[in-house]
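> Starting from these lines, generate the structure:
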Amino acid sequence: MIPIPIRPVVAFLLLLLAANLAAQDPARKRVVVYGDSLTAGYGLGKEFAFPAVLQQKVDAEDLPFEMVNSGISGDTSAGGLRRIAWNLSRPVDVLILGLGANDGLRGIDPAETEKNLQAIIDQTKARNPDFRLIVAGMTLPPNLGPEFIRDFEGVFRKIAERNDGVLIPFLLTGVAGRPELNLPDGIHPTKEGHRMVAETVWTYLSPVLREIASGK
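Numbers count the residues shown, from 1 in each chain. Predicted coordinates:
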């Protein structure tokens, strides 16, 4: 093994960090899309996931916002709660909360999911009391039973209402159940599916961004 001088490596890392910080425009507010595999672009890559499509829409309208894809495949509301502090190391102006689907698929008590999602919101609010919240609603396969599904769906509505958030009733509207818009697993959207998800999210997100940009 050839020894690598420590000081040049450290200097290179510092230069890389400085370049990354310089590339960040402080005038652009941060929109953090906080979710699971649907946010992460499972099977495709983040560059094709709906947050990237939303960034294209933001740029096309010359709105001063940076879309941050904070999606991790397989993540639950509990996992999201454990990592939220790291995401709050920089200001969050808009939080699109897209966690909870994996909780439902694992049969986790909806009350536990609600508690975790509320804790994520509370921590975000503690860092920026003026942040704006958008909650991405989800549903579940019918085999989980009507009562469980009703309680699960109700979590997103209650969270949005309690925190003056905007509710997207169902993130996968027009995509779920359509084989041509989903990967072979029947769960995760294709590139075209993600473009449709972005259209759904944009319907609710764009008024919020324009309001912030106007200073209201």
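> which non-adjacent residue is nearest Leu88?
Arg127 (4.8 Å; CB to CB, 6 or more residues apart in numbering). (Glycine included, C-beta is placed from N, CA and C.)
> What does the one you found show for phi and psi?
The phi/psi pair for Arg127 (degrees, to the nearest 10) reads phi -80, psi -30.
> Scan this protein for its longest helix.
helix 191-213 (DSSP state H).
> list the helices and strands that one packs on?
On a contact count with 3 or more CB pairs under 8 Å, 6 or more residues apart in numbering; DSSP states H and E, helix 191-213 meets strand 29-35, helix 50-60, strand 65-71, strand 94-98, strand 132-136, strand 166-168.
> In TSV: those, plus distance to Tyr204.
Formatted as TSV, the helices and strands packed on helix 191-213 follow (distance: least, CB to CB, whole Å):
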stretch	distance to Tyr204
strand 29-35	12
helix 50-60	11
strand 65-71	14
strand 94-98	9
strand 132-136	6
strand 166-168	5
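> from the ones you listed, which stretch is densest packed?
Mean neighbours per residue, mean count of other CB atoms under 10 Å, is largest over those for strand 94-98, with a mean of 27.
> which stretches of this structure have low pLDDT?
Low-confidence segments of the chain, defined by pLDDT under 70: 1-26, 216.
> repeat that with 80
Residues of the chain that meet the criterion pLDDT under 80 lie in 1-27, 216.
> Contacts only, for Met196.
Contacts here follow CB atoms under 8 Å, 6 or more residues apart in numbering; on that basis Met196 touches 174-175, 181, 189.
> Name the nearest of those residues relative to Glu47.
Glu47 lies nearest to Pro189 out of the contacts of Met196, by CB to CB, at 14.1 Å.
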